[in-house]
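# Sequence plus predicted model, see below.
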Amino acid sequence: MQLSDTVSLRQMTPQMYHAYYREYQNDPDLFLDKTQCKAFSYTPEWVDAYIRRQMERKRLCLAVMLGDEIAGEIILKDIVPRKSATLGICMKNDRYKGKGYGTQAERLAADFVFHTLDIPVLYADSILPNLRSRHVLEKAGFYPLRTEGNFQYYAMKRQDRGPDGLLLATCFEPFGGEESNASAKALALLPERIGAWSVVKQELPVVFGLAGEKCRALIDALRPDAVLMLGQAGGRSAVPPELVARNLRWARIPDNAGRSPKGEPVIPGGEDALFATLPVEAMTEAIRAAGLPGALSASAGLYVCNDLYYSVLHHLRGSGIPAAFLHLPAAETLAPARSARALEAAVGAIARNASY
């Protein structure tokens, strides 16, 4: 189970547990009531009892390794063969936090669960105040499932690729006081398998910067073969694949976090514009051939759609993963079922032009 030259996972042994806990420090971020976080004091008896409890609960315990050094522990619990498991992680002390080791370890653990244990769903949770833990889970590829009390629950599903590829397709949540978003309605109707391509769907927040951050984390976790981002464009009657993303934020209305940037770059020092790397002309022709209104566009606007688009294109440079953005008219202008048909035609064009 090797992700890089830096992080790997090994089965925990009693000897490794003792070495781990000799340098362990309690993390106050793991406690809802931080007054309950006491300094940890190693004793062989406590570690032996801890090992027995883990064995009795039939948990699978893995060491997060940096070379031959133990940096943390991953626990796989609530294991239901061929159905699901739950992940827990703890790093040994502050030396190993904030450096990306936890993210790499969680991705390794997910790969182990999905492909070695043949379990299709992995769960995790975090207390709401632990923003670092939640960020690491989302960066590793977990998506929020529900909030209950003081806890945020997450899930990650195994993505079984079609023989020709995996497409990450994103949409947006409602914004501007509206109750729905045309991109989300259409994406919900898009089949999860189009020809030999598998489609992974994800809704993103209408927040400058955050939408791109979450999408980039999904790309890094899934390593899809292509990325298609969707948004709603009120006032348009056609379905326009977007040719260009601009390095500029200019909000006509506040985003869903209340921000209204005017004149900010998406990426400071980045190029003025970046171009689609998916075949947007072929996508436009395919939409028209399906009897639907398609029109190639040279402007994705300057709102969160463009912000996401530029951020992702910048992130993907040199990766070999192509991407494009496609706007959809409002639902009252083009019915969601017809928008979904346009999307399916566009994805078909992506599959047919897979050499890009």
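Received, thanks.

# contacts, neighbours, all on C-alpha from now
Noted.

# For residue 347, give me phi and psi.
phi -70, psi -40 (degrees, to the nearest 10).

# ok, now how distant is it from residue 222?
According to C-alpha to C-alpha, to the nearest Å, residue 347 stands 18 Å off from residue 222.

# So which of those two has more stuff around it?
A direct count of neighbours by other C-alpha atoms under 10 Å for residue 347 and residue 222 places residue 347 higher, at 24 against 18.

# can you count the residues close to residue 79?
Neighbours of residue 79 (other C-alpha under 10 Å): 18.

# let me redo that: residue 282
19.

# do the same with residue 269
Neighbours of residue 269 (other C-alpha under 10 Å): 8.

# Let's verify it: helix, strand, or coil?
Classification of residue 269 using DSSP: H, G, I helix; E, B strand; the rest coil returns coil.

# what about residue 138, which SS state?
Strictly by three-state DSSP, residue 138 counts as helix.

# hang on, isn't it packed against residue 214?
Yes: counting by C-alpha atoms under 8 Å, residue 138 does reach residue 214; the two are 7.3 Å apart.

# Give me the buried stretch members for stretch 63-78, please.
Buried positions in stretch 63-78, judged by neighbour count with 16 or more other C-alpha atoms under 10 Å: 63, 64, 65, 66, 70, 71, 72, 73, 74, 75, 76, 77.

# same deal with stretch 318-337?
Buried residues in stretch 318-337 (16+ other C-alpha under 10 Å): 321-331, 334, 336-337.

# got the contact list for residue 97?
Residues near residue 97 by C-alpha atoms under 8 Å, 6 or more residues apart in numbering: residue 91.

# go again using 10 Å as the cut-off
71, 72, 90, 91, 132 (C-alpha atoms under 10 Å, 6 or more residues apart in numbering).

# Helix or strand for residue 52, just tell me which one.
Assigned by DSSP states H and E, residue 52 falls within helix 44-56.

# and what of residue 354?
Using DSSP H and E, residue 354 falls outside every helix and strand.

# Ok, residue 344 next?
Using DSSP H and E, residue 344 falls in helix 336-352.

# Farthest from the middle of the chain: give me that residue.
In the chain, residue 45 marks the outermost C-alpha relative to the chain mean, sitting 41.0 Å out by C-alpha atoms, centre = their mean.

# OK, contacts around residue 241?
Counting by C-alpha under 10 Å, 6+ apart, residue 241 has contacts 228-230, 276, 278-284, 287, 294-300, 324-328, 346.

# Also residue 224?
With C-alpha under 10 Å, 6+ apart, residue 224 has these contacts: 159, 161, 165-169, 198-200, 218, 321-322.

# 7 Å instead?
166, 167, 168 (C-alpha atoms under 7 Å, 6 or more residues apart in numbering).

# Could you say whether it sits in a helix, a strand or coil?
Of the three states, residue 224 takes coil according to three-state DSSP.

# One more: residue 159?
coil.

# how near is it to residue 255?
Distance from residue 159 to residue 255, by C-alpha to C-alpha: 31 Å.

# If you count surrounding residues, which of these two has more?
More neighbours surround residue 255 than the other of residue 159 and residue 255, with 18 against 15 (other C-alpha under 10 Å).

# Let me know the secondary structure of residue 315.
helix.

# That one: neighbour count?
16.

# helix or strand for the nearest residue to it once chain neighbours are set aside, which one?
Once flanking residues are discounted, residue 315 sits nearest to residue 216: 7.2 Å by C-alpha to C-alpha, 6 or more residues apart in numbering. Here residue 216 sits within helix 210-222, counting by DSSP H and E.

# Next, the buried residues of that helix.
For helix 210-222, by 16+ other C-alpha under 10 Å, it's 210, 211, 212, 213, 214, 215, 216, 217, 218, 219, 221, 222.

# and the helix or strand harbouring residue 122, which strands flank it?
Counting by DSSP H and E, the element that carries residue 122 is strand 121-127. Paired neighbours of strand 121-127 in the sheet (DSSP bridges): strand 84-91 (parallel), strand 151-157 (antiparallel).

# returning to that earlier point: helices or strands next to the helix holding residue 52 in the packing?
For helix 44-56, not one helix or strand is in contact under the criterion 3 or more C-alpha pairs under 7 Å, 6 or more residues apart in numbering; DSSP states H and E.

# Which SSE is immediately downstream of that helix?
Next in line after helix 44-56, if elements are assigned by DSSP H and E, sits strand 60-66.

# Could you pull out the strands in the stretch 151-300 of the chain for me?
151-157, 165-172, 193-194, 197-204, 226-232, 241-242, 244-246, 249-250, 262-264, 273-275 (DSSP state E, counting those that start in this stretch).

# Of those strands, which is nearest residue 7?
strand 151-157 (20.5 Å; C-alpha to C-alpha).

# rewinding a little: the strands paired with strand 121-127: lowest mean pLDDT?
Note on the strands paired with strand 121-127: strand 151-157 shows the lowest mean pLDDT, a mean of 91.
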